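J.: what would the 3D arrangement of this be:
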Amino acid sequence: MKKYFLVFVLLSTMFSCEEDVKIDFFEENIESSKDADVSINFPKAKGNKTVSELINNTIQNYIISQTNLSEDSLTNLSIEDAVTRFNTEFKNFKTDFPESSQKWEAFIDGEVTYRSPQVISIAINSYLDTGGAHGNTNIRFFNFNPNTGELYTKNDLISNIEGLSNTIENQLKENIKSDSEEPIEDFFFGKDFQLPESLGYSDEGLIILYNPYEIASYSQGIIEFTISYNDINSFLNIN
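T.: Numbers count the residues shown, from 1 in each chain. Presented below is the predicted three-dimensional model:
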């Protein structure tokens, strides 16, 4: 009887831990159009307090940094504070250049692209236009440990960087060859192949995404493709 009791206690502890680290997401929306046009949508974690706070702080700090036009590192700001600051910068711009018809824009949209017991992947798409020839678009993936809320590093995710790099490079070359509209003649600006700044997970496979200027000129836009997990599982620590 004592043996069965111990088993029951262990199982109860395991199930309790699973409940503790359960994380759900809801959408947060912040909009402002009185001064600059600002629209920010992002997934906000809820559930285990420690885990959800780590995830939320990482996402919110990144969003704040995307609206920061100064070289200062902003700390202890909310996203609402960052929007107010962005609007103030725009009003200062209008004061200095009253003849300009430019209205600043900041559009940020985030979504959970993948969830499993091993990884939560969130993509944040940012578009900022504060004048110039064109606005700037940037997409970044954040891969979280669902049990701790901490960000995985590339070394956490990848067991064989050389093997994965070779597979991605071959696929990239195939995609470039098949692009008959505007093929890239000199990607990475003459440098050796490089992994993208961030990799994302989806149900279909690993998302490979290069932002403008990361691999080619702005006119090439974002270069994105997905590699099936079946082709790269042997190179990954986390599938």
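J.: bridged to the closest residue in space to D203 that isn't next to it in sequence, which residues?
T.: By the measure of CB to CB, 6 or more residues apart in numbering, the closest residue to D203 outside its immediate chain neighbours is Y114, 6.6 Å from it. Placement of C-beta: from N, CA and C, glycine included. Note on Y114: beta-bridge partners by DSSP bridges are S121.
J.: is the most centrally placed residue in the chain in a helix, a strand, or coil?
T.: Per CA atoms, centre = their mean, the C-alpha nearest to the average position across the chain is that of F141, at 2.6 Å. Secondary structure for F141, judged by DSSP: H, G, I helix; E, B strand; the rest coil, is strand.
J.: check contacts around the spatially closest residue to Y229 that is not a sequence neighbour.
T.: Nearest residue to Y229 in three dimensions, chain neighbours excluded: G205, at 5.1 Å (CB to CB, 6+ apart). If a contact means CB atoms under 8 Å, 6 or more residues apart in numbering, then G205 has 226-229, 231-232 as its contacts.
J.: distance of G205 from A106?
T.: Distance from G205 to A106, counting by CB to CB, to the nearest Å: 31 Å.
J.: break this protein into its domains for me.
T.: Domain assignment for the chain, taken from automatic domain parsing, gives 17-152, 154-239.
J.: gap between the two ends of the last one?
T.: Put plainly, it is domain 154-239. The first residue of domain 154-239 is 13 Å away from its last residue (CA to CA, to the nearest Å).
J.: what's the burial count for the closest residue to L164 other than its chain neighbours?
T.: Of all residues not flanking L164 in the chain, F235 sits nearest, at 4.0 Å (CB to CB, 6+ apart). Residues lying near F235 (other CB atoms under 10 Å) number 21.
J.: these two touch, right, F235 and T167?
T.: Yes: here F235 lies in contact with T167, judged by CB atoms under 8 Å, at a distance of 7.1 Å.
J.: picking that back up, quick one, what contacts the residue nearest to D203?
T.: Taking CB under 8 Å, 6+ apart, one finds 120-121, 200-203 in contact with Y114.
J.: which among those residues end up buried?
T.: Neighbour counting with 16 or more other CB atoms under 10 Å marks 120-121, 200-201 as buried within the contacts of Y114.
J.: make JSON lines out of the residues you listed and add pLDDT.
T.: Below are the buried ones among the contacts of Y114 laid out as JSON lines (pLDDT from 0 to 100):
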{"residue": "I120", "pLDDT": "97"}
{"residue": "S121", "pLDDT": "97"}
{"residue": "G200", "pLDDT": "96"}
{"residue": "Y201", "pLDDT": "96"}
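J.: so S39 is in contact with T67, correct?
T.: No: in this structure, S39 is not within contact of T67 by CB under 8 Å, at 11.6 Å.
J.: before we move on, back to that, so the residue lying closest to the residue nearest to the centre of the chain once chain neighbours are set aside versus E214, what's the distance?
T.: Distance criterion CB to CB, 6+ apart; nearest residue to F141, sequence neighbours excluded, is G200 at 3.5 Å. Using CB to CB, G200 is found at 14 Å from E214.
J.: T113 too?
T.: For T113 relative to E214 (CB to CB), the value is 19 Å.
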